[in-house]
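# Structure here, sequence nowhere to be found:
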């Protein structure tokens, strides 16, 4: 049973974008690892932007 955890910053990811991520990652596991989509679980975590860091620094990206 594959479990995929996608983490993104909370910068207004739409429901449609989340749907596309879930469908795309599921299909990738079907194509590459021959996994059953019925048992493939995908979770998307939205991380507050102030809790994200890159290159040793707190990320202070702009909200849209």
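Sure, I can see it. None of the values given here were measured: they were computed from a predicted structure. Numbering: from 1, shown residues only.
# what sits against residue 24?
Residue 24 makes no contacts at all, as judged by CB atoms under 8 Å, 6 or more residues apart in numbering. Quick note: C-beta positions are derived from backbone N, CA and C, even for glycine.
# cool, the one 5 residues further on as well?
Under the criterion of CB under 8 Å, 6+ apart, the contact list for residue 29 reads 2, 4, 35, 37, 40.
# Quick check: closest non-adjacent residue to it.
Closest residue to residue 29 in three dimensions, ignoring its sequence neighbours and counting by CB to CB, 6 or more residues apart in numbering: residue 35, at 4.3 Å.
# ditto for residue 4
In space, not counting the residues next to it along the chain, residue 4 is nearest to residue 42; the distance is 4.8 Å by CB to CB, 6+ apart.
# Count the neighbours of that neighbour for me.
Other residues near residue 42 number 17, with proximity taken as other CB atoms under 10 Å.
# same check, this time on residue 25
Under the criterion other CB under 10 Å, the count of neighbours that residue 25 has is 16.
# these two touch, right, it and residue 44?
No - applying CB atoms under 8 Å, one finds residue 25 not in contact with residue 44, separated by 9.5 Å.
# which residues are common contacts for the two?
Taking CB under 8 Å, 6+ apart as the contact definition, residue 25 and residue 44 share the neighbouring residues residue 6.
# Go ahead and confirm residue 6 touches residue 25.
Yes - between residue 6 and residue 25 there is a contact at 6.9 Å, judged by CB under 8 Å.
# Overlap of the contact sets of those two?
Listed as contacting both residue 6 and residue 25 by CB under 8 Å, 6+ apart are residue 42.
# Which is the succeeding secondary structure element to the strand or helix carrying residue 17?
Taking DSSP states H and E as the criterion, the element that holds residue 17 is helix 15-33. Past helix 15-33, further along toward the C-terminus, the next helix or strand under DSSP H and E is strand 41-47.
# Nice, that's everything, thank you.
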